[in-house]
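Okay, predicted coordinates and the sequence, questions at the end:
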Amino acid sequence: MTVPQAFQYQGSKRALAPLILQYLPVGTMRLVEPFSGSAALSIAAAARGRAKEFWLNDFNAPLAQLFSLIINGQKELGKFYQELWRADHSDALEHYYQVRESFNRTKDPRLLLYLLARCVKGAVRYNGEGFFNQSPDKRRLGTQPETMQANLNTISTLLRGKTIVTSVSYEDVLANVREDDVVYMDPPYQGVCGERDSRYFSGISFDDFVAQLAVLNLKNVRYLVSYDGRLGNRSYGKPLPAKLQLTLVELEAGRSSQATLLGRDEMTVESLYLSRALAEELEVHPAIHRKHRQEQMQLMETPPPYGKTKISKRVS
Ligand SMILES: C[S@@+](CC[C@H](N)C(=O)[O-])C[C@H]1O[C@@H](n2cnc3c(N)ncnc32)[C@H](O)[C@@H]1O
């Protein structure tokens, strides 16, 4: 089954979801995503029957509301999208700006679906006053209404009746997780360029996040975190501290097109951290997932030092 997405979303874990799901215990009762975004992991997990229930949460309220509509009102949502999309063609750019202005006034989540389908790279950007200010993609018309409706229908079928959707800050989700939950956290990026990231609604504080993970450890909650990474030999983001006793698995996400343009052949590698409770249950040791088998044979390097454990098992 092709796993659908409702909209492109910068930072979506759709491509990495099959790898990440290898670290979800069989028979997971509930998968909790406190930073759900486009919910790529939950949708992939539902499509593969890897969890019975889901809790999606995103601090961006119209985005969370959009997910409620996708799950419980997908027919009306698809029709609304079709009307907006068809109205688009006499002056597509002007139409986009009108919809954007209307979204900023009303925060209607249905308008956000159109904006996400039509904006540059699915990159949600808000200005300092909280207004969506991303430009339209001038080369693409956005998802065809028929394809959109089919995707919405599939996602609804996968998640309806087994999913709750909320829009609170992630700490409030973590305070309410149960012992039999598995939590997948993909917080806002720390910024590849070293700047404060303006792509998301809010940044989160590194120290607060580490403190929240320490509390989850005390409660023995099983969790996974996508956090830092590296491009070639340069790392981005601050690694999570060894005192959290996490197990690091590195996932190759693909070649960097920007580096390729500059004549460098560099792979983007994303870190996935497993909580101690999860790593012990799954008997996972630090590992690197290579994208291509040939490279796996050529490159027998170990991951960068993290904690005290040595690489002892290659999972892919
Ligand atoms: C990297 S994206 C998640 C992408 C997601 N894994 C996917 O596959 O689409 C991070 C998300 O965290 C949300 N966010 C930012 N600050 C938050 C907070 N304090 N609590 C909850 N969500 C937050 C953003 O709105 C954004 O959608």
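Good, I have the coordinates. Numbering: from 1, shown residues only.

Where does the chain get nearest to the ligand, which residue?
Minimum separation of the chain from the ligand (Cβ to the nearest ligand atom) falls at Gly37, amounting to 2.8 Å. From N, CA and C alone the C-beta is placed, and that goes for glycine too.

what about that residue, neighbour count?
22 (other Cβ atoms under 10 Å).

just the one 4 residues further on next, same as before
By the measure other Cβ under 10 Å, the count of residues near Leu41 is 28.

For it, pull up the helix or strand it's in.
Using DSSP states H and E, Leu41 falls within helix 40-47.

The helix or strand following that helix pairs with which strands, and in what direction?
Remark: after helix 40-47, the chain's next helix or strand is strand 51-57, criterion DSSP H and E. Paired with strand 51-57 in the same sheet, following DSSP bridges, are strand 28-33 (parallel), strand 163-166 (parallel).

Averaged pLDDT, strand 51-57. What do you get?
Averaging the model's pLDDT scores along strand 51-57 yields 98.

For that strand, which outside residues touch it?
Surrounding strand 51-57, the residues in contact under the criterion Cβ atoms under 8 Å, 6 or more residues apart in numbering are 24, 28-36, 39, 42, 45-46, 64, 67, 159, 162-168, 170, 173, 181-182.

try stretch 100-116
Contact partners of stretch 100-116, identified using Cβ under 8 Å, 6+ apart, comprise 6-9, 61-63, 65-66, 68-69, 77, 80-81, 84-85, 96, 99, 122, 124, 131-134, 142, 148.

Tell me where the stretch 151-300 of the chain has helices.
Here the stretch 151-300 of the chain has its helices, by DSSP state H, counting those that start in this stretch, at 170-174, 206-218, 257-261, 276-282, 293-298.

Could you dump the strands paired with strand 51-57 into a markdown table and include distance to Thr268?
Formatted as a markdown table, the entries for the strands paired with strand 51-57 read as follows, by distance: least, Cβ to Cβ, whole Å:
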| stretch | distance to Thr268 |
| --- | --- |
| strand 28-33 | 22 |
| strand 163-166 | 30 |
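
With mean pLDDT as added columns, please give those in TSV.
What follows is the strands paired with strand 51-57, written out as TSV (pLDDT from 0 to 100):
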stretch	mean pLDDT
strand 28-33	98
strand 163-166	98
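
okay, those strands, which one's buried deepest?
Per-stretch averages of neighbours, counted by mean count of other Cβ atoms under 10 Å, single out strand 28-33 among those, with a mean of 21.

do it and the ligand meet?
No: shown here: strand 28-33 not in contact with the ligand (Cβ under 6 Å from any ligand atom), separated by at least 6.8 Å.

mind listing what's buried in stretch 162-181?
Using 16 or more other Cβ atoms under 10 Å as the test for burial, stretch 162-181 gives 163, 165-167, 170, 173-174, 177, 181.
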